[in-house]
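J.: I'd like to go over a predicted model; first the sequence, then the structure.
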Amino acid sequence: MKAIVCTKYGSPDVLQLMEVEKPTPKDNEVRIRVCAATVGPADCAFRKGDPYIVRLIYGLRKPRNPILGFELAGEIEAVGKDVQLYKEGDQVFGLSAKISGTHAEYKCLPEDAPLAIKSSSMSYEEAVAVVDGATTALTFLRDKAKIQSGQKVLINGASGSVGIHAIQLAKFYGAEVTGVCSSTNISLVKSLGADKVIDYTKEDFTQASQSYDVIFDAVGKRSFAQCKGSLTQSGVYLSTVPTLSIVLQMLWTSMIGGKKAIFVTAGLIQNKENLIFLKELYESGKIKSVIDQRYPLEQTAEAHRYVDKGHKKGSVVITIGHNSRS
């Protein structure tokens, strides 16, 4: 099968399209014919090995698994003898959080992995975009911030894949939402339900008098120290980027009262129930996907170059064709 292989950390040039062995499902696994995957800032971080915590988890000198990619949507092509939840032909979406490998034509996953039958109203691309951003946004807002109706929530990086789903989920839970983005993305952020939009090229939200119950930095651009003054007394700061400072601040603020700093490896704690919940929200029109760019598997390096620029809107999707079943 074809796969994008990364044998060392570095620029997008380290990514190579190669023929590798097609995986064989174990007794408790399904083999998925991957139709769509994504490239986001996390994929670029794993490719670069930066921040350094990535290397501590996934390989010090090179990626432990040379095939990158965590999110997928596709069709189950084969099932192990002990699999009970799925059958051949099922259309599914989910993620391989502990072992990457979705930037390939096929991927095997245990049937108890974060995997679910996709909605018939979702295309494969729309489904994988939900996995790309909504699972992270749900974990941070619902599970960590314990978001409540009537709270004031600010989302920094509101036009990214996590940000656009964070807006929609915060509105679903009844929050008053302020989105922070560039001037070119203001209309998009408003269309997703943001009550207010701040153009960061013209205004610094940390210098304004408004305070928020939750500040969700979905792009890791503003530190807890910078945002602390804009939090209410019991406010929560959330960051998706695992820097040493956020880890130390999380430990410190967990021991004292008042404002909290929180980071979590959202991908590693996903489950089937979250995917089913998000699918139901999608079917009821409460959330929708935003796809910025599509690249074929062969152009995954170009997708990385685009994401590296830091200006994507919603998700960047890798489409995977299957002209042969090898």
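T.: It's in. Quick caveat: nothing in here was measured; it's all calculated off a predicted structure.

J.: phi, psi for Val153 please.
T.: phi -120, psi 130 (degrees, to the nearest 10).

J.: show me the contacts for it.
T.: For Val153, the contact set (CB atoms under 8 Å, 6 or more residues apart in numbering) comprises 141, 147, 170, 175-178, 212-216. Every residue, glycine included, has its C-beta placed from N, CA and C.

J.: do Val177 as well
T.: For Val177, the contacting residues are 153-155, 167, 170-171, 193-196, taking CB under 8 Å, 6+ apart as the criterion.

J.: which of these has the most neighbours?
T.: When neighbours are counted as other CB atoms under 10 Å, the busiest of the contacts of Val177 turns out to be Ile155, with 33 neighbours.

J.: surely that residue touches Arg222?
T.: No. Under the criterion of CB atoms under 8 Å, Ile155 lies out of contact with Arg222, with a separation of 11.3 Å.

J.: now do the lengthiest helix in the chain: which elements does it pack against?
T.: The longest helix of the chain (DSSP state H) is helix 124-138. The criterion is 3 or more CB pairs under 8 Å, 6 or more residues apart in numbering; DSSP states H and E, and the helices and strands that helix 124-138 contacts are strand 29-39, strand 71-79, strand 91-95, helix 161-172, helix 272-283, strand 291-296, strand 315-319.

J.: got the angle between that helix and helix 272-283?
T.: What separates the directions of helix 124-138 and helix 272-283 is an angle of 120 degrees, with axes from the mean of the first three to the mean of the last three CA atoms, to 10 degrees.

J.: from the chain's centroid, how far away is helix 124-138?
T.: Using CA atoms, centre = their mean, to the nearest Å, the mean C-alpha position of helix 124-138 is found 7 Å from that of the whole chain.

J.: with stretch 274-291 instead?
T.: 14 Å.

J.: let's see that stretch as CSV, backbone CA atoms only.
T.: Output for stretch 274-291, consisting of C-alpha atoms alone and laid out as CSV, is shown next (Å, rounded to 0.1, in the frame of the first residue of the first chain):
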residue,chain,number,x,y,z
ASN,A,274,-17.5,11.3,22.3
LEU,A,275,-17.7,10.5,18.6
ILE,A,276,-21.3,9.3,18.8
PHE,A,277,-22.2,12.5,20.7
LEU,A,278,-20.5,14.7,18.1
LYS,A,279,-22.2,12.8,15.3
GLU,A,280,-25.6,13.4,16.8
LEU,A,281,-24.8,17.1,17.1
TYR,A,282,-23.7,17.1,13.4
GLU,A,283,-26.9,15.4,12.4
SER,A,284,-29.0,17.9,14.3
GLY,A,285,-27.2,20.9,12.8
LYS,A,286,-25.6,22.0,16.0
ILE,A,287,-22.1,21.7,14.6
LYS,A,288,-20.6,21.6,11.1
SER,A,289,-17.2,21.1,9.5
VAL,A,290,-15.1,23.8,7.8
ILE,A,291,-12.6,22.5,5.3
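
J.: buried ones in that stretch?
T.: Along stretch 274-291, the positions that meet the burial threshold by neighbour count (16 or more other CB atoms under 10 Å) are 274-275, 277-279, 281-282, 287-291.

J.: mind putting these into CSV with pLDDT?
T.: Formatted as CSV, those follow (pLDDT from 0 to 100):
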residue, pLDDT
Asn274, 97
Leu275, 98
Phe277, 98
Leu278, 98
Lys279, 98
Leu281, 98
Tyr282, 97
Ile287, 97
Lys288, 96
Ser289, 95
Val290, 96
Ile291, 97
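
J.: from Ser211, how far out is Gly229?
T.: Gly229 sits 8 Å away from Ser211 when distances are taken as CB to CB, to the nearest Å.

J.: which residue is the nearest non-sequential neighbour of Ile269?
T.: Nearest residue to Ile269 in three dimensions, chain neighbours excluded: Thr139, at 6.6 Å (CB to CB, 6 or more residues apart in numbering).

J.: circling back to that earlier point, give me the buried positions along the longest helix of the chain.
T.: Of the residues in helix 124-138, 124-138 count as buried by neighbour count, 16+ other CB under 10 Å.

J.: tilt between it and strand 29-39?
T.: Regarding helix 124-138 and strand 29-39, their directions subtend 80 degrees when assessed with the same axes, to 10 degrees.

J.: what strand or helix carries the residue lying closest to Phe263 once chain neighbours are set aside?
T.: Setting aside the residues directly before and after it, Phe263 is nearest to Ile246 in space (CB to CB, 6+ apart), at 4.6 Å. Assigned by DSSP states H and E, Ile246 belongs to helix 244-254.

J.: who's in contact with that helix?
T.: Looking at what lies outside helix 244-254 - CB under 8 Å, 6+ apart - the contacts are 51, 53, 223-225, 239, 259-263.

J.: re the thing from before, the residue nearest to Phe263: how many residues sit nearby?
T.: For Ile246, which is what you asked about, the neighbour count (other CB under 10 Å) is 21.

J.: can you check Glu77 too?
T.: Other residues within reach of Glu77 by the criterion other CB under 10 Å amount to 18.

J.: ok, it - contacts?
T.: Glu77 makes contacts with 31-33, 88, 106, as judged by CB under 8 Å, 6+ apart.
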